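[1] no sequence on this one, just coordinates:
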């Protein structure tokens, strides 16, 4: 049934998928008809453990009763108005938990909220250039996606063949709006800011590089970044679209004790059922919006249903001092241990790394210390394991990210244990065939 349905969809939907990167294989999307807790069922009736969680956004799991009840109640009384009577409650929860969130504005997508953060940084500093890092992802806008540096252009990124984030149609010179640096390299950042701080408005980073393989920041690296930005009047932006409300209630900035000037939030902020993003930051910068010196527009900014989803999600996650995070992370760590042990049994090189709530596996010998180490060979094997896990009833997000949710239980862990070995054996066969041993 599902194969025929895919063909029907593909006649009208480009590639048969709702999003795409420049990857050298064709995707075969699964179409789902039912969800419950940590499980989903496709059109053919096959059941899966969902550790994909819609790119990490479904932190509550599927069908959380309190969450759905609040959304249904809102639908019945105020579905579409410019401002609703849940605004203060939702905004206050974000401001309470996120250290830098003195003021907050809502958006819809991560891509647009990042661009608004950059606009604010430029307006506040009066400078133009962006500093970003290799293999970080901040949305699909022309000026901030993909590229690499070369010997002839050691700081300014350019297009290159094989870039999974490369694209035709990019605006001319869009990539030259900023500098591209290796991450976890404080010396490179310090040299750049020493020499070019007069033109640099902002440094934007994932505080944990989840999109580049769930690479943790080196000891002292974020602190050094904070110090340099403060020294040179550069706005520090933490892109916490993933880590915000997934690592913990305060995101990575609370975890590491490093306070950025601005933060972008998304995905898990609204429980995954609705698209909401947020720009949070220091009052001195956010006041440029109050004064209307900077424009931030959008028809669905702060739409009531999204605001209700934010309020419900943060109330659920914060209950009992955020105890659900401890339980969720415990389940995730159990599955990571199983994955490592079963990989060792079949002789497949495999490590796990990153926070339990947004970690990753990689088919290699050692933990990645830089996103630049996430090579094409590792990515190919990771993708193969991802596909083999799916065929055995376990869904993992792209780039091998494992996204747990608060509804996970011991039965889910056993489901994982019973099926992961077969997927690893299938991937080991490919590893041997490619002669990478």
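    Looks like it came in fine. The shown structure was predicted, so the numbers you read here are calculated from the model rather than taken from an experiment. Numbers count the residues shown, from 1 in each chain.

[2] Output the below-cut-off pLDDT ranges for the stretch 101-250 of the chain.
    Nowhere does the stretch 101-250 of the chain drop to pLDDT under 70.

[3] For stretch 19-37, which outside residues touch it?
    2, 5-6, 9, 14-17, 40-43, 48, 50, 61-63, 163-167, 383, 390, 395, 407, 409 (CB atoms under 8 Å, 6 or more residues apart in numbering). All C-beta spots, glycine's among them, are computed from the backbone N, C-alpha and C.

[4] What is the helix or strand containing residue 204 packed up against?
    For residue 204, the element it lies in under DSSP states H and E is strand 200-205. On a contact count with 3 or more CB pairs under 8 Å, 6 or more residues apart in numbering; DSSP states H and E, strand 200-205 meets helix 110-125, strand 129-133, helix 186-196, helix 221-231, strand 235-240.

[5] if we compare the ones you listed, which one ends up closest to residue 203?
    strand 129-133 (4.4 Å; CB to CB).

[6] got the angle between the closest one and strand 200-205?
    Angle of strand 129-133 versus strand 200-205, following axes from the mean of the first three to the mean of the last three CA atoms, to 10 degrees, is 20 degrees.

[7] got a list of contacts for strand 129-133?
    Against strand 129-133 from outside (CB under 8 Å, 6+ apart): 118, 138, 143-144, 177-183, 189, 192-193, 196, 199-206, 209, 234, 371.

[8] Separate out the buried members of these.
    118, 138, 143-144, 177-181, 183, 189, 192-193, 200-206, 209, 234, 371 (16 or more other CB atoms under 10 Å).

[9] on that earlier part again, most tightly surrounded among the helices and strands packed on strand 200-205?
    strand 235-240 (a mean of 29; mean count of other CB atoms under 10 Å).

[10] and it, what does it pack onto?
    Strand 235-240 packs on helix 110-125, strand 200-205, helix 221-231, helix 251-256, strand 262-265, going by 3+ CB pairs under 8 Å, 6+ apart.

[11] got JSON lines for those, with distance to residue 399 too?
    Listed next are those as JSON lines, based on distance: least, CB to CB, whole Å:
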{"stretch": "helix 110-125", "distance to residue 399": "16"}
{"stretch": "strand 200-205", "distance to residue 399": "17"}
{"stretch": "helix 221-231", "distance to residue 399": "21"}
{"stretch": "helix 251-256", "distance to residue 399": "18"}
{"stretch": "strand 262-265", "distance to residue 399": "19"}
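
[12] which other helices and strands contact whatever helix or strand residue 306 lives in?
    Using DSSP H and E, residue 306 falls within helix 304-346. Where contact means 3+ CB pairs under 8 Å, 6+ apart, helix 304-346 is packed against helix 65-77, helix 87-97, strand 103-107, strand 351-353, strand 359-362, strand 401-402, helix 410-433.

[13] what does stretch 187-202 contact?
    117-118, 121-122, 124-131, 155, 179, 181-182, 203, 224-225, 228-229, 231-237.

[14] what's the answer for stretch 414-433, then?
    Against stretch 414-433 from outside (CB under 8 Å, 6+ apart): 49, 335, 338-339, 342-343, 345-350, 363, 381, 384-385, 388-389, 391-394, 437.

[15] Among the residues you listed, name the buried ones.
    So, by 16+ other CB under 10 Å, the buried ones in those are 49, 335, 338-339, 342-343, 346, 348-350, 363, 381, 384-385, 388-389, 392-394.

[16] Sheet partners, orientation included, of the strand holding residue 204?
    strand 129-133 (parallel), strand 235-240 (parallel) (DSSP bridges).

[17] Once you drop chain neighbours, what's closest to residue 353?
    Excluding its sequence neighbours, the residue lying closest to residue 353 (CB to CB, 6 or more residues apart in numbering) is residue 367, at 4.7 Å.

[18] got it, and residue 123?
    Per CB to CB, 6+ apart, closest to residue 123 is residue 294, 4.8 Å.

[19] does that neighbour belong to a helix or a strand, and which?
    Using DSSP H and E, no helix or strand contains residue 294.

[20] Could you number the chain from 7 rather than 1 from now on?
    With the count now opening at 7, the last piece we talked about shows up as residue 300.

[21] How much space separates it from residue 149?
    Relative to residue 149, residue 300 is positioned 17 Å away (CB to CB, to the nearest Å).

[22] next one: residue 67
    Distance from residue 67 to residue 149, by CB to CB: 36 Å.

[23] ok, and the closest non-adjacent residue to residue 335?
    residue 362 (3.9 Å).

[24] So that neighbour sits against residue 342, correct?
    Yes - using CB atoms under 8 Å, residue 362 is in contact with residue 342, at 7.2 Å.
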